[in-house]
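S.K.: Build the 3D model from these lines:
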Amino acid sequence: MPAQAESAAPPRLLFLVNEALFFTTHRLPVAVAAQAAGLEVHVAAPFDAGPVETIAAHGFHYHDLPLERGGRNPLAELRLLARFFALIRRLRPALVHHVAMKPVIYGGLASRLLRVPAVVHAITGLGFLFIRDDPPARLIRRLIIPLYRFALGHPNGRVIFQNPDDLALFLAQRLVDPADVVMIRGCGVDLQQYAPAPAPAGPPIVLFPARIIGDKGVHEFVSAASALKAAGAEARFVLAGRRDPANPTDVPEATIRQWQADGIVEWWGYREDMPSVLAQAAVVCMPSYREGLPRVLIEAAACGVAIVTTDVPGCREVVDDGRTGLLVPLRDGPATAAAIGRLLADPELRAQMAAAGRAKAEREFSVEQFVADTLATYAQVAPALFPANSLQ
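M.R.: Residues are numbered from 1 along each chain as shown. I've put the predicted structure just below:
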């Protein structure tokens, strides 16, 4: 009888992710679609009360992970790896979707050794270990590259990349079989929820909508804000994002408060109402050092906001320089200030870029297309779970 009951149970899709919040903001529509296709959805991530409530409200099964994104304690990492093994062995999923570095590496190792029937890996960006080039970062890269190679070598897997630069790096290091590669640019946005709105009254707002860490370019943004204010710019410069103590480039709260006290920026903290936040912006600026493909820039484009960002992997996939926004060199505060200043001084140019950005979002970045592309990737490795007619 137990064997019959087990055989009648729906197949299980397990998401292994490094943040519950990231799952709810970036993968929830895919999980909803998979559930509608008849799969039992499980989500494993570190506990975070609000996002876990959202996960449960959708009827998904939640599992806690002892994952610290910036953690390097060997015993803690071994406990995490053991947790991946125990969870996969217990759930026996038909398909596992690993998202971000540690789930890809550790979850990929466990999935391969436990012979999970099908896996999908999402390379969502390479993080500070590939941005930095100091001796500790180089050492860790040498350690994780062989682990990546093994984890991504599952005999029935696909590896999703968001930009061609990350793909080229993995191919050059022979970390992935070209036959297993899928390119899905970004996570899509709801074009009804993120839509242009009338410009608010008052001084224009220049918005930095990201975690308050150095790798997102917050220091260049603050430098640009300071220079523009000193030059007499009548604009408000706003940070809308949370700190990230797990990241080595996290900015201390005391520093942020000092920027506020000096009258350079306002700090709105983490916001869940991003459509209304973006609706207040005249310019969105995120001079990041490297990205997978930043969802917030897609959201800004969908909301019809001109963008200033860096000419680096991920960011340049969203912005067409001179058409939907302006690209500036990496780590260049003066160039960032000049680009922002140009847009503040030319409302007509901002409006043209806003319209072009919205059109690009409609063509390339709808959430419906993202879901369809992801389910099609699932179908490549698990065709019995996603018949062709179910993807229409």
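
S.K.: just for the stretch 101-250 of the chain, where's the confidence low?
M.R.: Applying pLDDT under 70 to the stretch 101-250 of the chain flags the ranges 127-132.

S.K.: show me where it has strands.
M.R.: Counting by DSSP state E, counting those that start in this stretch, the stretch 101-250 of the chain has these strands, from start to end: 118-123, 157-161, 181-183, 205-208, 236-239.

S.K.: Against residue 72, how distant is residue 145?
M.R.: Distance, residue 145 to residue 72, by CB to CB, to the nearest Å: 16 Å. The way it works is simple: take the backbone N, C-alpha and C, and place the C-beta from them, glycine included.

S.K.: which one of those two has more residues nearby?
M.R.: Taking other CB atoms under 10 Å, residue 145 and residue 72 do not tie; residue 145 has more neighbours (13 against 9).

S.K.: Identify the residues contacting the closest residue to that one other than its chain neighbours.
M.R.: Excluding its sequence neighbours, the residue lying closest to residue 145 (CB to CB, 6 or more residues apart in numbering) is residue 173, at 6.0 Å. For residue 173, the contact set (CB atoms under 8 Å, 6 or more residues apart in numbering) comprises 145, 148-149.

S.K.: which one of the strands of the stretch 101-250 of the chain lies closest to residue 286?
M.R.: The stretch from those with the least distance to residue 286 (CB to CB) is strand 205-208; that distance is 6.2 Å.

S.K.: elements contacting the closest one?
M.R.: Identification of packing neighbours for strand 205-208 by 3 or more CB pairs under 8 Å, 6 or more residues apart in numbering; DSSP states H and E yields helix 218-230, strand 236-239, strand 281-286.

S.K.: can you do 7 Å?
M.R.: Here strand 205-208 touches strand 236-239, strand 281-286, going by 3 or more CB pairs under 7 Å, 6 or more residues apart in numbering; DSSP states H and E.

S.K.: which element follows the first one toward the C-terminus?
M.R.: Put plainly, it is strand 236-239. Using DSSP states H and E, the next helix or strand after strand 236-239 towards the C-terminus is helix 253-261.

S.K.: Name every strand pairing with the helix or strand following that following helix and say which way it goes.
M.R.: Using DSSP H and E, the helix or strand that follows helix 253-261 in sequence is strand 266-267. Strand 266-267 has its sheet partners listed here by DSSP bridges as strand 236-239 (parallel).

S.K.: quick one: the strand it pairs with to chain centroid distance?
M.R.: 22 Å (CA atoms, centre = their mean, to the nearest Å).

S.K.: One more: stretch 222-242?
M.R.: Worked out by CA atoms, centre = their mean, stretch 222-242 lies 25 Å from the chain centre.

S.K.: So for it, what gets flagged as buried?
M.R.: 222-229, 233, 235-241 (16 or more other CB atoms under 10 Å).

S.K.: from those residues, which single one is nearest residue 113?
M.R.: For the buried residues of stretch 222-242, the nearest to residue 113 is residue 241 (37.7 Å; CB to CB).

S.K.: In helices, which of the contacts of residue 173 fall?
M.R.: Judged by DSSP state H, the contacts of residue 173 include 145, 148-149 as members of helices.

S.K.: any chance of the strands of the stretch 101-250 of the chain in a markdown table, plus distance to residue 377?
M.R.: Below are the strands of the stretch 101-250 of the chain laid out as a markdown table (distance: least, CB to CB, whole Å):
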| stretch | distance to residue 377 |
| --- | --- |
| strand 118-123 | 6 |
| strand 157-161 | 5 |
| strand 181-183 | 5 |
| strand 205-208 | 33 |
| strand 236-239 | 35 |
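
S.K.: between the ones you listed, which one is nearest to residue 353?
M.R.: Closest to residue 353 of those is strand 205-208 (CB to CB; 14.0 Å).

S.K.: ok, and for that closest one, which residues are buried?
M.R.: In strand 205-208, counting by 16+ other CB under 10 Å, buried: 205-208.

S.K.: in terms of contact, does residue 44 touch residue 87 like I think?
M.R.: Yes: using CB atoms under 7 Å, residue 44 is in contact with residue 87, at 6.0 Å.

S.K.: from the chain's centre, how far out does stretch 53-66 sit?
M.R.: 19 Å.

S.K.: List the contacts of it.
M.R.: With CB atoms under 7 Å, 6 or more residues apart in numbering as the test, stretch 53-66 has contacts from 20, 24, 31-32, 35, 41-47, 52, 76, 79-80, 83, 87.

S.K.: same thing but at 8 Å, please
M.R.: Residues contacting stretch 53-66 (CB under 8 Å, 6+ apart): 16, 20, 23-24, 28, 31-32, 35, 40-47, 52, 76, 79-80, 83, 87.
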